[in-house]
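In: Using only what follows, build the 3D model:
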Amino acid sequence: MKLVQSRFKYCSKTSDTLKLQYEIEKQVLNSYIEEVAELKCKMADFEQENNKLHSYHTSSYVLERIFNLKPDDKDF
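Out: Residues are numbered from 1 along each chain as shown. The predicted structure is shown next:
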C-alpha cells in the first residue's frame, strides 16, 4: 500500500510539474504569436507608406515631363 501511495505522490508531483511547464510554454508561445501579429501590422503600415512614396515619385516624374522640369531647376 505504501508503494502505491508513494507512486501516486510521485505521479502527482510529475503531473503538477508538467502542468506548470505547459502553462509557461503556452504563455511564451502566445507572446510570440502576439509579437508576430504586431510585426505583421507594422509591415502592412510600411508597405502602405512605401506605396505612397512610390506614388509620389511617379507623380513627380509625370509632372517633370509635363512641365519639362529638371530636378536641378530651382524656383526662387
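
In: rest of the way, CA atoms for contacts and neighbours
Out: Noted.

In: measure Leu20 to Thr58 for me?
Out: 57 Å (C-alpha to C-alpha, to the nearest Å).

In: gap between Tyr32 and Lys2?
Out: 45 Å.

In: Tally up the residues packed near Tyr61, please.
Out: 14 (other C-alpha atoms under 10 Å).

In: re the thing from before, give me the more crowded residue out of Tyr32 and Lys2.
Out: With neighbours defined as other C-alpha under 10 Å, Tyr32 and Lys2 compare such that Tyr32 has more, 12 against 7.

In: What strand or helix carries that one?
Out: Element membership for Tyr32, per DSSP states H and E: helix 2-66.

In: Tell me how far that helix lies from the chain's centre.
Out: 6 Å (C-alpha atoms, centre = their mean, to the nearest Å).

In: do stretch 52-71 as well
Out: So, by C-alpha atoms, centre = their mean, the centroid of stretch 52-71 is 34 Å from its chain's centroid.

In: how far away is the residue nearest to the spatial centre of the chain from Ile33?
Out: Centre of the chain computed as the mean C-alpha position; nearest residue by C-alpha atoms, centre = their mean is Leu39, 2.2 Å away. Using C-alpha to C-alpha, Leu39 is found at 10 Å from Ile33.
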